[in-house]
Structures are given as structure tokens and as C-alpha cells.
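Enquirer: Test case, fold it:
(4 chains)
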Protein chains: 2
Amino acid sequence: MKSDKISELTTNRMSIYLRCLNELADEGIRTVSSEKIAKRFHLNSAQIRKDLAYFGEFGVRGVGYYVEELRTHLRKILGLNKEHCVAIIGAGRLGTALTDYYGFSQTNFSVAALFDADQSKIGQKVGEVEIFDIKDFAEVAERDKIDVVVIAVPAEFAQSVLEQVTNAGIKAVMNFAPSPLKVDENVKLKTIDLTTSLESLSYFLAQPAAKNGRK
Amino acid sequence: MKSDKISELTTNRMSIYLRCLNELADEGIRTVSSEKIAKRFHLNSAQIRKDLAYFGEFGVRGVGYYVEELRTHLRKILGLNKEHCVAIIGAGRLGTALTDYYGFSQTNFSVAALFDADQSKIGQKVGEVEIFDIKDFAEVAERDKIDVVVIAVPAEFAQSVLEQVTNAGIKAVMNFAPSPLKVDENVKLKTIDLTTSLESLSYFLAQPAAKNGRK
DNA sequence: TGTATAATGTGAAAAAGTTCTCAAACCAAT
DNA sequence: ATTGGTTTGAGAACTTTTTCACATTATACA
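Expert: Next up, the predicted model:
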């Protein structure tokens, strides 16, 4: 274990491993080898071992990993041993859909508040979640202990929203706006760029190899 | 130019470059250097040049790139010189939100159809887009020339939906289900895993360095 | 025409990420 | 105990990706 600087590729995989272990645990499996995980979930066993080893010696040689024990470690590592409160900025189609999506899921994330600039929306509710004026973000975020923000506003507003929430002390932001955002290095920004993803599919279809969409 | 095998990292960036060029073009800028693009959009100029050079010699030494010309090249490379018809499987919150999201945008992608298994939804419309029975996918996809599919169904149904659409000849799939899917190698699958993204933010918050969400 | 400045395209170096390999450690059975 | 079969953890080897450095080509202006 020498958790010097762990790459995002590794931490993303940790999340995947946790999901795999949850499935194994549900089936009552008590121990599992990296090889078995790899086979079943189409992963690479050496990579699983290497990733896990960054964080500690969780396995037992000749045996493998104890499923419950490893789950506990992974949850701890991923900071899932505490609740996270999410605010979504932008109460449009995407923002409201995400409100439900996350609220639904039995994870450690719960959507505590929605924000918008459109006065006609403010005060309304999406399920249990109230829509607040974006102007009041700092105040509401403080009160509701928001620690994660999702940006679901049009591209042209994304940068200013980002600045507003980081100024209010938010350190983790997930951005859906197709816009290149500049952010302080002590803040973690994760951009999910649907346009780029779609265009990357389009690129694939345009290659001669992919004999195109319809057969 | 030696487009042997271009990495997905490169093609994703091509999409970003196109977006940057669109912005420059809107401002009436005619030529631009890789250095100027890099400065303005927080990118790396060497990488821009290297990425572009995989596809051809688009620049002029001492001058830079002609904005309009490069845009045309990028659109062609990304297969954006033709319309793409998208089908979304799963008419839940996320699926319907995406229907609007893409429909809205002035891109080359238009959502032609929604699919669901829930009989009560079939026949209804989301905006202009009708909801069909997933059983009829092959038929409707053929008729509407669907070439891209978005999977927005619960994780447990994702694999079977994927198989159904690839059997119908679909070659490009974007998946929102947090599920490790197995796919034929002549099909391009792009998974957007919101759970993993959130947990990666959670990991960051759990690090001592990030002195946590609320200040 | 010649000189100075600008900026590409590319080979080489560096950095980052993945896979291989195997000694060490564990378990079960004799 | 000893042997044989497993499986981890980690160094080494390999692959991929990014960054550097600069020869080459273009423009502008004296």
C-alpha cells in the first residue's frame, strides 16, 4: 500500500468492483478470487489486484478476498460510509429527471435541493424536493449540508454557476453542460459530455469498418 | 496522416475541438493557431496538433488553421455531415428527459422514437416522439432508419435490450445503465455510468486533501 | 531579395497505465 | 510434517498517451 496519487481510472474501477461485490454478496458468496471476479464481470484479474493493492493488503494468498470485508473497505475508501447531499442546479428536463433518478436509488446520495433562476419555478416541488432561487444557493447549501453539486444548466451559464457554488465552499461538482469549464484545483469537477459521447459514436459509424447503422 | 488506429481519447477531443471552432466561427474569427485554441479553452497545443495530424495536414505553417476549413474537416471526420436518428429505450424519467435534451439541440442527432415494455405507455407521445413497444424495435428501427440507440432502462434489463438492438443491426449504443455489458466487437458501446461518476466525487471528498464539502 | 517572426507536423523523450511473471503465503490432504 | 494446488502482491516489461523540441515552411516587411 502506497497511496501516493491514485489515478481516476483506478478510483472509477473501485466503484465497479464494489458493484460486483454487492452482486456476489447478494448471492451469498463469502470469498472470491480476483480471477473469478475478472471472469464473471469481464475484467482483468491483474488489474483488480493492482488496484486494490494501492489501498491495502485486503486479500489472502491461496484464498482470495473475503467479500464482506472487501465491500466494507471499498465503501470506506470511496467515502460511502457517510451520506452525501446533492443539489442540482437547473430544474429543466434533465435536472428534474436526475432528481428522481438519484432519489430513487438506494445509494448514499440523496438530492436535497433543486435550484433555478426562473422565478416561476421557485417554490415548486419535484417529488419531495423543493426548487430554490439560485441566488440563495450559499444559504440553502449551508443549511442542508450540500456537499455535491450537479450542474444541469445550458452551456452559457455553466461557468458562472460553477463559480457561484465553489465560492460557497462546494468541492465536488458533476457537470452536464457541454462547456469547457475552468475550476480551482482543490475542487473536483467531473464533466459528463453527452454531445461528445454521441459524436464519438458518430465517428465510429463513419468508419468504413462499421458497415453502418442499418444492416 | 496515418490513421492506423485512432484512440477514443483522440476522437473525444476532436469533438471538443469542433465545439471550440464553432465558437470561434461565431465570433467571425478566420484563422487560429493551436496555441490560441489551447490558451482560450484550457487545452494543450501540442496535443491539438498531434490529434489533428492523425487525420491530415490541415494547418499552414506560420499561419495556423483556417477555422471554416477545419470545421468542415472535423464534421466530416466525426460523421456529422449526415443526420443520425436516435432511438431511446426506456421511457422513464431519464429516457424522456434525454428525448427533449437531444431534440432541443441543433445537432445532427434527432430522436425518432422511444421504446418501452410498459403497455400503458405505448402509443403516448413525449413532445413529438411516439412511444413504441420494445417488441417492435426491429421493425420501427428499420422504418425510421435508426442508427444510434440510447439505453435508459434499469440495470437488470440492459443486457437483453442491448442484444435485441444489436440483433436488429444497430452498431452504436450509448448506455446509461450501471451494468457491465458484453457486446460484439463490431458494435460500439459507450457507457455513461452516473453511479461511478458520483462515487468518484465521493472518493475525492473522502481524501484528507479535500477539506470536505462544506467550508 | 533577405531577414525576422510565426506556427505546423513529427520524431524522440517522458509519463502514465496495463499486463506479465513469479516468489511468498496459505490451505487441504496425505 | 511434507507435498501439491491456489492465489495474492509487487517488481519488471510492455503499451499507450502526453509532452517536448525543433526542422521546416509560410508570411510580412524592409
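
Enquirer: Figure out the helix or strand that the residue sitting nearest the centre point of chain A lives in.
Expert: Nearest to the geometric centre of chain A sits A:M174, at 7.5 Å (CA atoms, centre = their mean). If you go by DSSP states H and E, A:M174 is part of strand A:172-175.

Enquirer: hmm, that strand in reach of chain B?
Expert: Yes. Using CB under 8 Å from any CB of the partner chain, strand A:172-175 comes into contact with chain B via A:A172, A:V173, A:M174. (C-beta placed from N, C-alpha, C; glycine too.)

Enquirer: hang on, isn't A:Y17 packed against A:A38?
Expert: No. If you go by CB atoms under 8 Å, A:Y17 and A:A38 don't touch, sitting 10.5 Å apart.

Enquirer: where's the longest helix seen in chain A relative to the chain centroid, distance-wise?
Expert: Of all the segments of type helix in chain A, defined by DSSP state H, the longest one is helix A:8-26. Taking CA atoms, centre = their mean, to the nearest Å, one finds the center of helix A:8-26 at 13 Å from the center of the full chain.

Enquirer: The strand holding A:M174 packs against which elements?
Expert: For strand A:172-175, the packing partners by 3 or more CB pairs under 8 Å, 6 or more residues apart in numbering or on different chains; DSSP states H and E come out as strand A:148-151, helix A:155-167, strand A:188-191, helix B:194-206.

Enquirer: Show me what counts as buried in the second one.
Expert: Spelled out, it's helix A:155-167. Using 16 or more other CB atoms under 10 Å in any protein chain shown as the test for burial, helix A:155-167 gives A:A155, A:F157, A:A158, A:Q159, A:V161, A:L162, A:Q164, A:V165, A:T166.

Enquirer: mind listing what the third one touches?
Expert: Meaning A:A158. By CB atoms under 8 Å, 6 or more residues apart in numbering or on different chains, the residues touching A:A158 are A:I151, A:N175, A:A177, A:S179, A:L181.

Enquirer: In a markdown table, list the residues of strand A:172-175 next to chain B along with distance to DNA strand C and pLDDT.
Expert: Shown next, in a markdown table, are the residues of strand A:172-175 next to chain B (distance: CB to the nearest atom of the strand, whole Å; pLDDT from 0 to 100):
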| residue | distance to DNA strand C | pLDDT |
| --- | --- | --- |
| A:A172 | 19 | 97 |
| A:V173 | 20 | 97 |
| A:M174 | 20 | 97 |
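
Enquirer: neighbouring contacts of whichever helix or strand comes after the longest helix of chain A?
Expert: Next along the chain after helix A:8-26, taking DSSP H and E as the criterion, comes strand A:31-32. By CB under 8 Å, 6+ apart, the surrounding residues in contact with strand A:31-32 are A:L21, A:L24, A:V63, A:G64, A:Y65, A:Y66, A:V67.

Enquirer: closest to A:Y203 among those residues?
Expert: Comparing the contacts of strand A:31-32 against A:Y203 with CB to CB places A:L21 closest, at 34.8 Å.

Enquirer: Just the buried positions in the lowest-mean-pLDDT helix or strand in chain A, please.
Expert: When each helix and strand of chain A is scored by mean pLDDT, DSSP states H and E, helix A:93-104 comes last, with a mean of 80. Neighbour counts over helix A:93-104 (16+ other CB under 10 Å) mark A:R93, A:L94, A:G95, A:T96, A:A97, A:L98, A:T99, A:D100, A:Y101, A:Y102, A:G103 as buried.

Enquirer: Quickly list the domain ranges of chain A.
Expert: A:8-77, A:84-197 (automatic domain parsing).

Enquirer: tally of neighbours for the nearest residue to A:L43 once chain neighbours are set aside?
Expert: Excluding the flanking residues, the one nearest A:L43 by CB to CB, 6 or more residues apart in numbering or on different chains is A:I37, at 6.4 Å. The tally of other residues near A:I37 (other CB atoms under 10 Å in any protein chain shown) stands at 23.
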